[in-house]
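A.B. asks: Sharing a model that was predicted from the sequence below.
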Amino acid sequence: MPIDRSNYPGIPADFPIEADDFSLAGAQPKLNLVEEDGKYFDAGSSPSEIAQAHELCEDLAQQFQGYCTRKLKERVLTQDLILERAHQGLLLKQWCSPAQSLWTIRRVASLLGWCLPQSLSSIGKDE
């Protein structure tokens with residue numbers, strides 16, 4: 001079922017909205033839902049949870065912007081390598097989901113006016 005983006009005002013259209021993986025014990029089938037403003041959402045995908053995740057990712061992008069600029073001034077790594085390593089660092093730290101990590105690095109590239117490396121451009125295109 002497509003996501004109704006009107007439930008997420010202020011969230012960029014390209015920001016990933018995905019439910020948390022969950023497992024609930026018991027023999028009876030269960031749904032892991034969150035109620036917000038009279039609507040039900042999969043856990044992890046309510047408007048307030050997505051707004052919080054977006055705020056975190058935007059903050060990370062702002063911080064990585066400075067980090068990437070410093071690394072480029074050191075003249076040791078290329079723009080591509082800087083972005084690839086920043087992405088790997090985000091994945092390892094698990095501060096956000098893999099899809100949100102990729103969005104964050106794409107946002108960093110956009111803020112810096114850098115092209116996204118081919119290795120990151122193709123991620124998520126097949127899904």
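C.D. replies: Right, received. Where do you want to start?
A.B. asks: which element is E35 on?
C.D. replies: strand 33-36 (DSSP states H and E).
A.B. asks: again with S110
C.D. replies: helix 98-112.
A.B. asks: all strands of this structure, in order?
C.D. replies: 33-36, 39-42 (DSSP state E).
A.B. asks: Columns mean pLDDT on top of those strands, output as TSV?
C.D. replies: Formatted as TSV, the strands of the chain follow (pLDDT from 0 to 100):
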stretch	mean pLDDT
strand 33-36	77
strand 39-42	79
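A.B. asks: now those in JSON lines, with mean neighbour count and distance to L112?
C.D. replies: Every C-beta, even on glycine, is put in place using the N, C-alpha and C of the backbone. Putting the strands of the chain into JSON lines (neighbours: other C-beta atoms under 10 Å; distance: least, C-beta to C-beta, whole Å) gives the following:
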{"stretch": "strand 33-36", "mean neighbour count": "13", "distance to L112": "35"}
{"stretch": "strand 39-42", "mean neighbour count": "14", "distance to L112": "33"}
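A.B. asks: Pipe these into JSON lines and attach distance to D14 per row.
C.D. replies: Formatted as JSON lines, those follow (distance: least, C-beta to C-beta, whole Å):
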{"stretch": "strand 33-36", "distance to D14": "22"}
{"stretch": "strand 39-42", "distance to D14": "19"}
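A.B. asks: so which of the ones you listed gets nearest L81?
C.D. replies: strand 39-42 (36.5 Å; C-beta to C-beta).
A.B. asks: what separates the closest one from the chain centre, distance-wise?
C.D. replies: 20 Å (C-alpha atoms, centre = their mean, to the nearest Å).
A.B. asks: can you check stretch 73-85 too?
C.D. replies: Counting by C-alpha atoms, centre = their mean, stretch 73-85 comes out at 21 Å from the chain centroid.
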